[in-house]
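Student: Here's a sequence, model it:
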Amino acid sequence: MEIEIGKFYMNKTRRFLYPCLKEHGDLFVLKFNKTFKLAVGIHDQNMADTLSYEDYKIYILLDSEYNKNNFESFMKWVRLEPYYVYDYCFSSDFKYTRKHMLVIKVPKAFYHAYEAFLHGWYSLMYTANQKLSFFCKKDQEKDYKILCNSYDARKEMIKKIQVEFEENSIENYLSCKSLLESELPLKNKEEIFNFSGSKLFFENENTILCQQKIVNKN
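Tutor: All right, here's what the predicted structure looks like:
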């Protein structure tokens, strides 16, 4: 991830999974909106639990200096909420860092969306009504079409594959499970904080999740 102060990093976690956090309630949304987000992801490789997917966690990197009073007020409040997991200083330089990581659970109603997201099964994440509710803004039209696996999105997918694999081996893509989707699978370096390794695409190796059935509720 290329994280910059003053910018909210755009990746698939932000585009497709992050919107479901609204299910935590209006008060959460109200308080959360007063903080500045730098990036969101599915894991932080520097953390000991980075390979645990059982808690359906989402990692949210916040700017602790932007509207500092709002940040501190939100953190004091959210630490008492049932979906709070933990938070920590993102940098080893505790004195000067302004990057602070908050880890919370995905709303229980969207556990299936989280599982589908990890597999790259974007069209199975949400019901038709949920898609309309979460992706109703004009700048989300492209993502909405991807989630609906529309004809236009499939055409764009073909172009994306041609561009993506000019330098990378096509086998990397063919080995993934998202061939029927209108978006590429998750890329480790884009969705995992502090990722190091050679694997291009995320692979869900958690046996518990692999054994669970993803139900298409569209």
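Student: which helix is the longest one in this protein?
Tutor: helix 151-164 (DSSP state H).
Student: Now tell me what touches it from outside.
Tutor: K142, K145, I146, Y173, E181, S182, E183, L184 (CB atoms under 8 Å, 6 or more residues apart in numbering). Every C-beta, even on glycine, is put in place using the N, C-alpha and C of the backbone.
Student: and this structure, what are its domains?
Tutor: Domain assignment of the chain by automatic domain parsing yields the ranges 12-110, 113-211.
Student: Now tabulate the ones you listed in JSON lines and tack on distance to I5 and mean neighbour count.
Tutor: Listed next are the domains of the chain as JSON lines, based on distance: least, CB to CB, whole Å; neighbours: other CB atoms under 10 Å:
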{"stretch": "domain 12-110", "distance to I5": "7", "mean neighbour count": "16"}
{"stretch": "domain 113-211", "distance to I5": "16", "mean neighbour count": "16"}
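Student: Which one of the ones you listed lies nearest to G6?
Tutor: domain 12-110 (8.0 Å; CB to CB).
Student: Quick one: end-to-end distance for that closest one.
Tutor: In terms of CA to CA, to the nearest Å, the two terminal residues of domain 12-110 are separated by 16 Å.
Student: Show me what the mean pLDDT comes to for it.
Tutor: Averaged over domain 12-110, pLDDT sits at 90.
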